[in-house]
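Colleague: fold the following, please.
(2 chains, ligands or ions: 1)
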Amino acid sequence: MAMRVPMSWLREYADPPATTSEIAERLSVATCEVERVVRRGVPDADGNLGLFRVGRVLSAEKHPNADRLQLCVVDVGEREPYQIVCGAWNFGAGATVAVALPGARLPNGLTLERRELRGERSEGMILAEDEVDLGTDHSGIMLLPDGLEVGTPLADVLPIVDEVLEVETTGNRPDLLSVYGLAREVAALYDVPLAPWPGVEPERAGDEPVDVRVEDEEGCPRYVGRLFRDVAVAPSPPWLRARVFAAGMRPISNVVDVTNYVMLALGSPLHAFDFETLRGGRVVVRRAAPGETIRTLDGQLRGLDPDDLLIADADGAIAIAGIMGGEETEVSEATRTVLLEAANFEPVSILHTSERLGLRTEASNRWEKGVDPHLAGHAARLASQLLVELAGARWVGETDARAALPERPRVELRPGRASALLGHEVPAERQHAILRRLGFEVDGETVTVPTWRARDVTREADLVEEVARFELDAIPFTLPARRDAIGRLTREQRLRRTVEDVLVGCGLCEAYTPSLVAQDPSPDALRLSLPLSADQSVLRTTLVPSLLAAAERNREVGNEGVALFEIARVYLPTAGEALPRERWHVAGIVEGGYAEAKGVVDTLLETLKIEARVERGTHDLFHPGKTARLPQGWVGEIHPAHGRGWAGFELDLAELAAAAPERVLYEDVVTFPSVRQDLAFVVDEDVPAAALAEAMREAAGELVREVRVFDEYRGEQIGAGKRSLAFRVAFGSPERTLRDEDVTPLREAIVELLARRFGAVLRA
Amino acid sequence: MTDSSDTVAAVDPQALQEEALAAIAAASSLDELDEARVRYLGRRSALKLALREVRDRETGMALNAAREAIEQAVATRQHELERAELDRAIAEERVDVTLPGTPHPRGRLHLVTQVRREVEDIFLGMGYEVVDGREVETTRYLFDALNMPPNHPTRSPLHTFYVGEDTVLRSETSPSQIHTMEAKPPPVYMVSLGRCYRRDTADATHYPIFHQVEGLAVDRGITLADLKGTLRALLRQLFGAEREARFVTHFFPFTEPSVEVLVSCFQCDGDGCPMCRHSGWIEIGGSGMVDPNVLRFVGYDPEEVSGFAFGWGLERIAILRHGLPDIRDLWANDLRFLRQF
Ligand SMILES: [Zn+2]
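Modeller: Numbering: from 1, shown residues only, chains lettered A, B, ... in the order given. Take a look at the predicted model:
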């Protein structure tokens, strides 16, 4: 989650001699990502800032010609006061206000000019907060504290020009989700002082008991409850509204703003209850009862789960702990007594509840990362000070309910070890100095971790990281020695590349289709327990259907020459095993009939030196009469019910690897040329060509170099139910040139065996 | 034949040769040349007749010299005329050389495969082996072994696809680190590339299936400086020799320290442009020193060996390098898209 950090606020705690962009740069390397720096407020150029002043209203009367306007005379510290026509009525003579003089340029680009309004001169503007980007309120002008000297540059009093860091922090650093925490990093990076914890404990004005009962110490290791009476709920002063607004939150009222302000400042979220609405005047921290509900601040009625941690009063839920308060106990303008909660909640429970409810808030985002329980005390102190100062409250009572808070981890750090891991020598003194600036205590090789890092830093490696992040840019670029390392693809990996290359050479484009499909031919295919969509819910056991869909889509958009292949895993469930067998398959889809797909498979097998062993087969995806089974898979024409004009194949890569010879041995096919003979046989339709070819090899023995079908013929001369198959047979010997008298008996043996086995008749 | 002796007496080899050579030279076609050849070298030619009748050695030698000269001249002239004829013939044989050639169908490797091979080759060159890990994993290998705390958000079924109670689709390639280290003692230098799955709704920059390259080096004395050097080398191979690499702190459960890797923007060279969101740097992916807990899980001694690891998205590399606007194009398999690369 991104956090917005106004630099004017951060610099109150740590103020290095560096520009905002320099600071952002260093934070990005060593601490957390600064996504961007946003400049806000009035333009800061050509003396524009000097035209914004603190002014005092000398007189304010109704405009003589307009009922809705006031005619004001304002002292801005010059010899002559200014006359300003103003549309707001929330002030009168004597008010201290913010003034923009003629010539001033506002954040929205407007330049103020002297002008007449309904016949009266108006020189400048009395400012509302939205006009200088300090808030969104336009119901009245900003009222400044009366003590300010007239003529003071407004920029000295309010951040009318500011830069805001938008930082993205990682889950291990909830301490950075606060302006003070980020300031600590800045102070450490630049080695400048960090201001003491903000907040001075106000005087206690009573000793009333506060009834806090923590029934679940694991979920809530600490609960500081403080009671305030005579609270005057009102808008916050401009400076507070401006900070809360610049940090990305909406100012509401002084009490609510104070809780948000302290959360932003210190990273420990707070909550304020209207104490009068608490039944039994009691706070109980417990898990929800079955069926319990709460109406939260956003007006939603929410059902609770017995795992949810609650803040309750004597009768029922008043807040979902760490996530959102309840509507009934919300602080309102009528509130006079406030119970301030500065607590600590265990992260996992908050995360689960917030995920289950789909409710993420500034507070839950911090709690779910694990907030330092010691922060509750600092937060209570700063919030109390502000409630007393800004809402005139009296602090009359406190309960600090706490379990044993975790010890600060003590971790060994060997500086030599750190340098060795970094590959970069960092002197021990420098390592210790970095750690001390971050709040670690160092005693020899023992390092004590500050409370706000206790979850994150528990081992030497974690301390090494603290050193590393300050040294990242200085660490050199080297390569490992790689003494015994030899880089080589395995045989199967090389075969995969060969298959890819062959198919590309055959004109097929490689496709990537999702491994998750809507349905799979196998009823046992694995299913996701919580798929994103029904379309991607099953782990496929075959690639062809996905490829076929991709091919059909290509045809629909008018692409020509569609030919696709894919190499991917399929997931074959195995009985009794939790994990499926994962096999690499290669599949292809081409336009045309059986022969087109078979040709691709033949080329592939030939490249890999695998003998094609093809039989008639059946497969649901393929045409029943045009499907072949191989030991490595399937090839066939796609069943017309699934798609017209396509043929495809799917082969198992491990089976291909097993069938392919690891190396090919030399055979002399050059010295003595082959003798070729063309033989055509008439056979019954159902005699497969492969069976004839195999029989030819059997009959002629090892002098056969090649048998290839080159023609198929059907016709009247041959007769119904018959076909003629023409073969080219090459004979050859590695030892001599074959003569006619060598070949003739081979040819006769072939004719004889084919006649005997298949009734084949040699055509003249 | 009756007057043959007269003819023989009349032959002057010198004059005959001159006459023949002139006729041969004058022949302007193969037919004319053949006529000349018959006239001067044919069976009934004066020269042949004289040779047949000749008695004295001197005349014989003179006649033979003339014959050889004439034969030579015929051969030379014949070659010249044939060549001229060929030239004439091919002068008319012209093609429009700008016409396309006979097309041969050819496919393409998918862009992600092209990137995958490139990354594999870079690491093969640096002595790494390529490991194919499984995609359906146990939670033990995807989470426990990688030092993910019990309540880490990625364990949630909202982030990771579950197939069974303890089986998941891997959300990163890291489990193959664990399998590799369990299978053998150090040193280990490996990369593993393949499909990963996250429960992200598909949009221009997300797809629930994506490809990662995981790298791991574990050996005595592996340092963070080695990580920086190796990954900078990879970035320069992928994005250009003049690129710079930048390493910024980050957090991952299975590495400590953890660093995010950035490459100097190859679009604007660091001046700032939309591609690098005006920072001059582009995020590439995560990396870090292998957490000691991970080494202990596989039975390695973190006091003896150390290591670095990284896990980057192949799609991200492809998108950055080739300027793809939408990651979903990589899964649409439209041939117009596939054939571009
Ligand atoms: Zn750029």
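Colleague: where does chain A have its least confident helix or strand?
Modeller: Each helix and strand of chain A was given a mean pLDDT (mean pLDDT, DSSP states H and E); the minimum falls on strand A:115-117 at a mean of 90.
Colleague: secondary structure element holding residue A:623?
Modeller: strand A:622-630 (DSSP states H and E).
Colleague: does residue A:595 belong to a helix, a strand or coil?
Modeller: Reducing the assignment at residue A:595 to three states with DSSP: H, G, I helix; E, B strand; the rest coil gives helix.
Colleague: what's the neighbour count on it?
Modeller: Residue A:595: 12 surrounding residues under other CB atoms under 10 Å in any protein chain shown. All C-beta atoms are positioned from the backbone trio N, CA, C, and that covers glycine.
Colleague: check contacts around the nearest residue to it once chain neighbours are set aside.
Modeller: Nearest residue to residue A:595 in three dimensions, chain neighbours excluded: residue A:647, at 7.9 Å (CB to CB, 6 or more residues apart in numbering or on different chains). Listed by CB atoms under 8 Å, 6 or more residues apart in numbering or on different chains, the contact partners of residue A:647 are A:589-598, A:626, A:635-638.
Colleague: three-state assignment of residue A:647?
Modeller: Assigned by three-state DSSP, the conformation of residue A:647 is strand.
Colleague: if it is in a bridge, with which residues?
Modeller: With DSSP bridges applied, the residues forming beta bridges to residue A:647 are residue A:590, residue A:637.
Colleague: tally of neighbours for residue 122?
Modeller: Unless you meant another one, I'm taking chain A. Each residue near residue A:122 was counted by other CB under 10 Å, and the total is 22.
Colleague: chain B was what I was after
Modeller: Residue neighbour count, defined by other CB under 10 Å, stands at 19 for residue B:122.
Colleague: which SS state does it fall under?
Modeller: Three-state call for residue B:122 (three-state DSSP): helix.
Colleague: ditto for the one 5 residues further on
Modeller: At residue B:127, secondary structure determined by three-state DSSP is coil.
Colleague: distance of it from the ion?
Modeller: When CB to the ion, to the nearest Å is applied, the distance between residue B:127 and the ion equals 33 Å.
Colleague: grab the nearest non-local neighbour of that residue.
Modeller: Of all residues beyond its chain neighbours, the one nearest residue B:127 is residue A:485 (3.5 Å), with distances taken as CB to CB, 6+ apart.
Colleague: and the helices in the stretch 1-150 of chain B, which stretches?
Modeller: B:4-10, B:13-26, B:30-41, B:46-53, B:57-91, B:111-125, B:139 (DSSP state H, counting those that start in this stretch).
Colleague: alpha carbons of the fourth one, as CSV, please.
Modeller: The reference is to helix B:46-53. Backbone C-alpha positions of helix B:46-53 (Å, rounded to 0.1, in the frame of the first residue of the first chain) are rendered in CSV as follows:
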residue,chain,number,x,y,z
ALA,B,46,41.6,-30.8,-101.5
LEU,B,47,43.6,-31.1,-98.3
LYS,B,48,42.3,-34.6,-97.4
LEU,B,49,42.8,-35.7,-101.0
ALA,B,50,46.3,-34.3,-101.1
LEU,B,51,47.1,-36.0,-97.8
ARG,B,52,45.9,-39.3,-99.1
GLU,B,53,48.2,-39.0,-102.1
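Colleague: chain center to the strand or helix carrying residue A:583: distance?
Modeller: In this structure, residue A:583 sits in strand A:581-591 according to DSSP H and E. Going by CA atoms, centre = their mean, to the nearest Å, the spacing between the C-alpha centre of strand A:581-591 and its chain's C-alpha centre is 32 Å.
Colleague: quick one: buried residues of it?
Modeller: Within strand A:581-591, the residues that qualify as buried by neighbour count (16 or more other CB atoms under 10 Å in any protein chain shown) are A:584, A:585, A:586, A:587, A:588, A:589, A:590, A:591.
Colleague: the third one contacts residue A:653, correct?
Modeller: Yes. Taking contact to mean CB atoms under 8 Å, the distance of 6.0 Å between residue A:586 and residue A:653 places them in contact.
Colleague: common neighbours of the two, please.
Modeller: Both residue A:586 and residue A:653 are contacted by A:499, A:567, under the criterion CB under 8 Å, 6+ apart.
Colleague: other SSEs contacting the strand holding residue A:583?
Modeller: For strand A:581-591, the helices and strands in contact under the criterion 3 or more CB pairs under 8 Å, 6 or more residues apart in numbering or on different chains; DSSP states H and E are helix A:491-505, helix A:544-556, strand A:563-572, helix A:594-607, strand A:646-652, helix A:653-659.
Colleague: please redo it, this time with the cut-off set to 10 Å
Modeller: Strand A:581-591 is packed against helix A:491-505, helix A:544-556, strand A:563-572, helix A:594-607, strand A:633-638, strand A:646-652, helix A:653-659, with contacts defined by 3 or more CB pairs under 10 Å, 6 or more residues apart in numbering or on different chains; DSSP states H and E.
Colleague: about what we covered before: what about the helices of the stretch 1-150 of chain B, which gets the closest to residue A:672?
Modeller: When those are compared by CB to CB, helix B:57-91 sits nearest residue A:672, at 38.3 Å.
Colleague: pLDDT averaged over that closest one, what's the number?
Modeller: Mean pLDDT, taken over the full extent of helix B:57-91, equals 91.
Colleague: and for stretch A:734-743?
Modeller: In this model, stretch A:734-743 has a mean pLDDT of 91.
Colleague: in that stretch, what's buried?
Modeller: Neighbour count says stretch A:734-743 has A:738, A:743 buried, by 16+ other CB under 10 Å.
Colleague: stretch A:349-364 now?
Modeller: Burial within stretch A:349-364, assessed by neighbour count using 16+ other CB under 10 Å, is assigned to A:349, A:350, A:351, A:352, A:353, A:354, A:357, A:359, A:361, A:362, A:363, A:364.
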